[in-house]
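Chemist: no FASTA, just this:
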C-alpha cells in the first residue's frame, strides 16, 4: 500500500486527506480525511509514518488562538481504517515572528522537547535532515551539523535517555510546552498558578528547558565556490543525509549571477565526512540545468535523488554517479513545491501550487547510456536527419550548382 497525504484548503475549514495510490494504474483512492478547527491554516508541512499509521503535520491555529498565545501548530494524527483522528497537538514555538529563526527538536511520537531551542542567526532557514547520529540544518549560508548520539554508542539515543530522565523528574511532565490531546481537550486547563514546571520561567527560559542537554555543534559547512560559477551569489536550499550512511550527505545550491541579465543555476553537491581531517569534503557535484531547485528528496535506499525546479520540471539523478537519469519538462504549470519517493522507490510523487499532483512510475533500471533527456534529443535529431535525407532524394532540396556559384562570384 502506498499512501499519499494531501491538504485541501479552499476557504472552508482546512482538511488533511490521505489517498491510496494503486499500481500499475496510478489512480488515487481517498482513504480518509480530517477537518481542522475553524480558522486554522492548512498544513504547510507533513510527514507520514506508514509503520505506525500516523501523520505528523504543521498547521497554525486560528488567528484568535494565536493572539491568545495558544498556537497548537505541531499536530499528530492517527489513521484508523478509513478515518483520520486527532491524537495530540503541541505548541513548540512561542515566538512566531521568525526573528531569529528557531529550531525546536522534539521526540517522536511523544512530541516532548529533546533539546533547548536553537536560534539560527546565519541566513534564512530552509531545511533539516536527520541521521542516526546527527541532525543537519541548512540555512541559506551554512549547513550546521549537531550531534545527537555519542560516537561510541551510535545505536543508543544518549540524549533522549538523559532528557527522558529529566522529564520524569519534573513532576512527571511529558512535554515542555502546553499540549492538547484528544482525551484532554475537553477538560479544564491546568492553572499556571499551580506551578507547572513546563511554563514556569527563569530569565526567559522554562525550568524544564534549562535542564535539557544542549546539542553539540560538530561541524559547519560554508557555501563552496563551484566551478564555472564566477562571482554568482549562492545559497543552500536543501540538505539530505544518505539513509544508510551518515557520513554522506547531499546539498542543493542555487546560484544567481547578475550581468546583462539575471542567470540562475542549480547544483547538487555531495559531501563526505573525513574522520582524519574532522571535516566534510566535497566528493562530487552535478549541475541541474537552468533555474533554481525548489524541492529535493532522496530514495529510502539512497540510490536516487529527485528534484523539482523553477522551470516547472522534475527530475531524477543517480546518487552515486551524480548523473541525470530522467527529466520531465512541464511537469506542472507552476514550479514543484513538494516531491517524495515511495518506500520502494517505484513511484515519485510531486505537487505544485497549481493544485496538481503528478505520479511518476520510476523504472527499475535506467539505460546505461546516460540521461533520458539526451536519448530523447538524439532520437529527435535522428528523425530530423531522416526527414532531410528523404526530402533531398525526392528533389525538394538541391545544392547550388558550381556554375551558378562561379557566375555569381564573377559578377
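Modeler: Nice, thanks for sending it over. Given the structure is predicted, the values throughout are model-derived calculations rather than measurements.

Chemist: what residues sit buried inside stretch 318-331?
Modeler: By neighbour count with 16 or more other Cβ atoms under 10 Å, stretch 318-331 contains the buried residues 318-319, 322, 324-328, 331. Backbone N, C-alpha and C define where each C-beta goes, glycine included.

Chemist: tabulate those (CSV), appending pLDDT.
Modeler: Converted to CSV, the buried residues of stretch 318-331 look like this (pLDDT from 0 to 100):
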residue, pLDDT
318, 97
319, 97
322, 96
324, 94
325, 95
326, 94
327, 94
328, 94
331, 94
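
Chemist: now those residues in TSV, with secondary structure?
Modeler: Output for the buried residues of stretch 318-331, formatted as TSV (DSSP: H, G, I helix; E, B strand; the rest coil):
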residue	secondary structure
318	strand
319	coil
322	coil
324	strand
325	strand
326	strand
327	strand
328	strand
331	coil
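
Chemist: which one of those is nearest residue 223?
Modeler: Nearest to residue 223 among the buried residues of stretch 318-331, counting by Cβ to Cβ, is residue 322 at 18.5 Å.

Chemist: give me the distance between the closest one and residue 138.
Modeler: Per Cβ to Cβ, to the nearest Å, residue 322 is found 19 Å from residue 138.

Chemist: the helices in the chain, which residues?
Modeler: 63-67, 158-169, 207-210, 372-393, 402-410 (DSSP state H).

Chemist: can you list the low-confidence ranges for the protein?
Modeler: Scanning the chain for pLDDT under 70 picks out the ranges 1, 8-11, 95-99, 149-211, 259-260, 368-380, 382, 396-411.

Chemist: quick one: residues contacting the nearest residue to residue 224 once chain neighbours are set aside.
Modeler: Closest residue to residue 224 apart from its sequence neighbours, by Cβ to Cβ, 6 or more residues apart in numbering: residue 282 at 6.1 Å. By Cβ atoms under 8 Å, 6 or more residues apart in numbering, the residues touching residue 282 are 224, 269-272.

Chemist: give me the buried subset of these.
Modeler: By 16+ other Cβ under 10 Å, these give 224, 269-271 as buried.

Chemist: possible to save those residues as TSV with distance to residue 347?
Modeler: Formatted as TSV, the buried ones among the contacts of residue 282 follow (distance: Cβ to Cβ, whole Å):
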residue	distance to residue 347
224	33
269	26
270	24
271	28
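
Chemist: what's the closest of those residues to residue 74?
Modeler: Once Cβ to Cβ is applied, the member of those that ends up nearest residue 74 is residue 271, at 29.6 Å.

Chemist: bridging residues for that closest one?
Modeler: On the basis of DSSP bridges, residue 271 is bridged to residue 249, residue 282.

Chemist: distance of it from residue 293?
Modeler: To residue 293, residue 271 is 16 Å away according to Cβ to Cβ.

Chemist: okay if I get the contacts of residue 282 as CSV plus distance to residue 114?
Modeler: Conversion of the contacts of residue 282 to CSV gives the following (distance: Cβ to Cβ, whole Å):
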residue, distance to residue 114
224, 31
269, 29
270, 28
271, 25
272, 27
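
Chemist: out of those residues, which comes closest to residue 307?
Modeler: Once Cβ to Cβ is applied, the member of the contacts of residue 282 that ends up nearest residue 307 is residue 269, at 12.6 Å.

Chemist: so the closest one sits against residue 249, correct?
Modeler: No: at 9.2 Å, residue 269 does not count as touching residue 249 under the criterion of Cβ atoms under 8 Å.

Chemist: residue contacts, residue 64?
Modeler: By Cβ under 8 Å, 6+ apart, the neighbours of residue 64 are residue 39.

Chemist: distance check, it against residue 338.
Modeler: 29 Å.

Chemist: residue 222 too?
Modeler: Noted for residue 222: a distance of 28 Å to residue 338, by Cβ to Cβ.

Chemist: in terms of neighbours, single out the busier of these two.
Modeler: Applying other Cβ atoms under 10 Å to residue 222 and residue 338 shows that residue 338 carries more neighbours, namely 17 against 10.

Chemist: what sits against that one?
Modeler: Residue 338 sits in contact with 295, 308, 350-351, where contact means Cβ under 8 Å, 6+ apart.

Chemist: same list (the residues you listed) but as a markdown table, adding distance to residue 218 and neighbour count.
Modeler: Formatted as a markdown table, those follow (distance: Cβ to Cβ, whole Å; neighbours: other Cβ atoms under 10 Å):
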| residue | distance to residue 218 | neighbour count |
| --- | --- | --- |
| 295 | 27 | 22 |
| 308 | 30 | 27 |
| 350 | 33 | 23 |
| 351 | 34 | 20 |
